[in-house]
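Peer 1: model this:
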Amino acid sequence: MRSALGLMLASIVAAVVIAGVWFWTAAPRADAAAPQTVAARKSDPLSPAAARLMPKDDVAVTASLSGRQMVAESAPAPAPAAAPVAPRTAACANPDALGVSRVVEIDTTGGPGFGFEQFKQLDFLQDKEVVLTFDDGPWPGNTPAVLKALDEECTKGLFFSIGKHATYHPEILRQVLAAGHTVGAHTWSHANLNSKKMTEQQAKDEIEKGFSAVKFALGTNPAPFFRFPQLQQNQATIAYLGSRNIAMFSCDLDSFDFRKTSTPEKIVQTVMGKLEKTGKGIILMHDFQKHTAEALPTLLRQLKAGGYKVVQIKAKTQFASLPEYDEALMKELKVPAAVSSRPVSSVVQTVSQ
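Peer 2: Numbering: from 1, shown residues only. Got it, this is the predicted structure:
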């Protein structure tokens, strides 16, 4: 009896001992810390020098400066960051296109002037480089034909729009901008700002109203680029444009495409003949003129054959129109005040085509 009782007590003691050993080795200890994320885990103290450089409450900087391992070995590695998506640009379908050789950015501070016809100080073109400029648009038929010719040669131009024309055909001017061309202004009504009958205030009104009209048509501010109608300027208007940080563009060679005797063949002959003498230049043309649109495909091909390269002009900063001229234009055009001033692209988007 005693032997059986002793054997039972020994078995119980052995079971208790085994259970205690298992509990000590396998069960979690009361003082063991739970796993922590990088953001929740406290970093080791930084050195005084590192602490002075560390922004307050910046966990990422703290982890970097402390040099400690902040993530458990068992944690999965973070997924690589997605590469930035580059804007899509349509590939040029013409393997022998004229294209664009380089893009230059103009700082318009103080109103710099370009084009040796009037302004002699700034010469940024290299030999065999040209800038394609077009005045007086937008206009039905002619401007779209000019855009088509430029697109087929994958090249870009600089357009100086008349304010009135912009309000007549805003959809065409938006096509110019959408095609990647630069759009500036050419006054409201193509008035001669150097006329003796033109007061300084009237000249200012022509300039500002023209820019407001182009802005209205585009749905966004145009480039701070301006060309004087008939290339007629005076010191007062030059000073005013300088105060508005608007760059002025004359030309190096005139195509004379506006003349009544002009023909597509004559335009090409005039431009190429002058380029043979100057070797480069800002070319003045008009997308308002039908003969210009007809001449452009041949002219662009001859520029390519002659080894000429196109330089595209862009502005470093955007133009800011004056609110009083924007408001006055809306009243004149009888645009309801409640109409949104947001650009069309932010209001209407194609979701299926």
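Peer 1: residues near residue 181, how many?
Peer 2: Summarising burial for residue 181: neighbours were counted as other C-beta atoms under 10 Å, giving 21. The way it works is simple: take the backbone N, C-alpha and C, and place the C-beta from them, glycine included.
Peer 1: Might one say that it is in contact with residue 161?
Peer 2: No: distance between residue 181 and residue 161: 10.8 Å, which falls outside the contact criterion (C-beta atoms under 8 Å).
Peer 1: Just the buried positions in stretch 269-285, please.
Peer 2: 270-272, 274-275, 280-285 (16 or more other C-beta atoms under 10 Å).
Peer 1: ends of that stretch, how far apart?
Peer 2: 13 Å (C-alpha to C-alpha, to the nearest Å).
Peer 1: what mean pLDDT does it have?
Peer 2: This predicted structure assigns stretch 269-285 an average pLDDT of 97.
Peer 1: Okay, and which of the buried residues of stretch 269-285 map to helices?
Peer 2: 270-272, 274-275 (DSSP state H).
Peer 1: JSON lines please, covering those residues and showing distance to residue 320.
Peer 2: Output for these, formatted as JSON lines (distance: C-beta to C-beta, whole Å):
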{"residue": "270", "distance to residue 320": "38"}
{"residue": "271", "distance to residue 320": "35"}
{"residue": "272", "distance to residue 320": "39"}
{"residue": "274", "distance to residue 320": "36"}
{"residue": "275", "distance to residue 320": "36"}
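Peer 1: for those, which one is nearest residue 170?
Peer 2: In terms of C-beta to C-beta, no member of these lies closer to residue 170 than residue 271, at 29.7 Å.
Peer 1: Tell me if I'm right that the closest one and residue 299 touch.
Peer 2: Yes: using C-beta under 8 Å, residue 271 and residue 299 qualify as a contacting pair, with a distance of 6.0 Å.
Peer 1: quick one: the strands in the protein?
Peer 2: In the chain, strands defined by DSSP state E lie at 102-106, 113-114, 129-135, 158-161, 182-185, 225-226, 247-249, 253-254, 281-286, 309-315, listed in chain order.
Peer 1: In stretch 145-158, which residues are buried?
Peer 2: Residues 145-147, 149-158 are the ones in stretch 145-158 that count as buried (16+ other C-beta under 10 Å).
Peer 1: and the two most separated of those?
Peer 2: In terms of C-beta to C-beta, the buried residues of stretch 145-158 reach their longest pairwise distance at 152 and 158, which sit 18.4 Å apart.
Peer 1: Share the number of residues neighbouring residue 294, please.
Peer 2: The number of residues packed around residue 294, counting by other C-beta under 10 Å, is 20.
Peer 1: Setting aside sequence neighbours, what's the nearest residue to it?
Peer 2: residue 264 (4.3 Å; C-beta to C-beta, 6 or more residues apart in numbering).
Peer 1: now the one you found: how far from residue 295?
Peer 2: Residue 264 sits at a distance of 4 Å from residue 295 (criterion: C-beta to C-beta, to the nearest Å).
Peer 1: How about residue 114?
Peer 2: Taking C-beta to C-beta as the criterion, residue 114 is separated from residue 295 by 24 Å.
Peer 1: repeat for residue 230
Peer 2: Taking C-beta to C-beta as the criterion, residue 230 is separated from residue 295 by 21 Å.
Peer 1: Which one of these two is surrounded by more residues?
Peer 2: Residue environment comparison for residue 230 versus residue 295 gives the larger neighbour count to residue 295, 26 against 13, counting by other C-beta under 10 Å.
Peer 1: How about the contacts made by that one?
Peer 2: Going by C-beta atoms under 8 Å, 6 or more residues apart in numbering, residue 295 touches 257, 264-265, 267-268.
Peer 1: all helices in the stretch 251-353 of the chain, in order from the N-terminus.
Peer 2: In the stretch 251-353 of the chain, the segments counted as helices under DSSP state H, counting those that start in this stretch are 264-278, 290-305, 323-332, 344-347.
Peer 1: and residue 129, how many residues sit next to it?
Peer 2: So residue 129, with other C-beta under 10 Å, has 18 neighbours.
Peer 1: which strand residues sit across from it in the sheet?
Peer 2: For residue 129, the residues forming beta bridges with it (DSSP bridges) are residue 309.
Peer 1: And the one 4 residues further on, by the same measure?
Peer 2: When assigned by DSSP bridges, residue 133 has beta-bridge partners residue 158, residue 284.
Peer 1: Do I have it right that it meets residue 161?
Peer 2: No: Residue 133 is beyond contact range of residue 161, at 11.7 Å (criterion: C-beta under 8 Å).
Peer 1: So for these two, which sits in the more crowded spot?
Peer 2: Between residue 133 and residue 161, counted using other C-beta under 10 Å, the more crowded position is residue 161 (34 against 25).
Peer 1: for the closest residue to residue 176 other than its chain neighbours, what are its contacts?
Peer 2: Counting by C-beta to C-beta, 6+ apart, the nearest residue to residue 176 once its immediate chain neighbours are dropped is residue 159, at 5.3 Å. Contacts for residue 159 were tallied using C-beta under 8 Å, 6+ apart; they are 133-135, 137-138, 173, 176, 181-184, 287.
Peer 1: at 10 Å what do you get?
Peer 2: Under the criterion of C-beta atoms under 10 Å, 6 or more residues apart in numbering, the neighbours of residue 159 are 132-138, 143, 146-147, 173, 176-177, 179, 181-186, 214, 222-223, 225, 227, 287.
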